[in-house]
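Participant: Here is a sequence with its predicted model. Questions after.
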Amino acid sequence: RNVRLLQGEVYVETAEDPNSSYRTFILTTEHGTVTALGTKFSTRIIHDRSCVNVYQDAVEVRPIDGYGDKVVVNKGEAVKFTAALFQQKMLFDASTLGWTTGTLVVDKMRLSEFIDELSRYKTGVMRCDPRIADLEISGAFPVNNIDGALRSISKTLPVRVESYTRYVTMLKPA
């Protein structure tokens with residue numbers, strides 16, 4: 001059982017398998033492999049690295065060029081890795097799983113990062129003016145109503161939303 005993630009993010013739930021040597025579940029990205037150890041986890045490709053968050057039990061992560069190096073990532077931990085190396089494991093907020101139910105949950109996130117996240121759910125280009133990029137945003141936003149989320153932002157932060165076509169949206173200072 002092998003799944004290849006080419007882009008984006010995937011959430012995986014596997015059950016513990018008594019024949020694990022025969023039916024191992026492996027998720028492969030361009031950076032390496034994530035082997036499920038009876039678990040719930042997500043894997044996301046972010047530019048030049050992959051990121052794994054573990055919600056239950058554990059996974060084993062191996063970079064493709066890691067020369068046999070591996071790390072076990074346990075519940076509540078995350079790790080980012082490239083084809084050759086790992087970053088140090090870190091704890092993560094379980095609200096990162098909100099996207100699986102259609103909600104993007106953020107807490108004190110930079111506005112530019114939030115717009116990057118939100119743009120994953122909208123066709124076209126969304127950008128944030130550098131003058132407002134460092135504003136912080138918190139809340140829960142529906143990913144199936146991006147226009148509503150943008151209206152909410154413009155009511156709570158000193159920003160205005162400009163849409164040039166349905167494919168180009170810019171956030172600028174109010």
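Facilitator: Now that the structure is in, tell me what you want to look at.
Participant: Quick check, pLDDT for the residue positioned nearest the centre of the chain.
Facilitator: Nearest to the centroid of the C-alpha atoms of the chain, with distances taken as Cα atoms, centre = their mean, sits Arg44, at 5.1 Å. On pLDDT, Arg44 comes in at 92.
Participant: so it bridges to which residues?
Facilitator: Assessed by DSSP bridges, Arg44 has beta-bridge partners Glu9, Cys51.
Participant: Longest helix in this structure, by number of residues?
Facilitator: Using DSSP state H to define each element, the chain has its longest helix at helix 146-156.
Participant: Could you point out the helix or strand that follows it?
Facilitator: The helix or strand immediately downstream of helix 146-156 is strand 159-165, counting by DSSP states H and E.
Participant: could you dump the next helix or strand after that next one to CSV, C-alpha only?
Facilitator: Where DSSP H and E defines the elements, the next helix or strand beyond strand 159-165 is strand 168-173. Extracted in CSV, the C-alpha atoms of strand 168-173 (Å, rounded to 0.1, in the frame of the first residue of the first chain):
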residue,chain,number,x,y,z
VAL,A,168,-7.0,38.2,-9.1
THR,A,169,-7.5,39.5,-5.5
MET,A,170,-5.3,41.9,-3.6
LEU,A,171,-5.4,42.9,0.1
LYS,A,172,-4.2,46.5,0.6
PRO,A,173,-4.1,49.0,3.4
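Participant: Strand 168-173 - contacts with which helices or strands?
Facilitator: Applying 3 or more Cβ pairs under 8 Å, 6 or more residues apart in numbering; DSSP states H and E, we find strand 168-173 packed against strand 125-128, helix 146-156, strand 159-165. Quick note: C-beta positions are derived from backbone N, CA and C, even for glycine.
Participant: can you rerun that using 10 Å?
Facilitator: On a contact count with 3 or more Cβ pairs under 10 Å, 6 or more residues apart in numbering; DSSP states H and E, strand 168-173 meets helix 111-118, strand 125-128, helix 146-156, strand 159-165.
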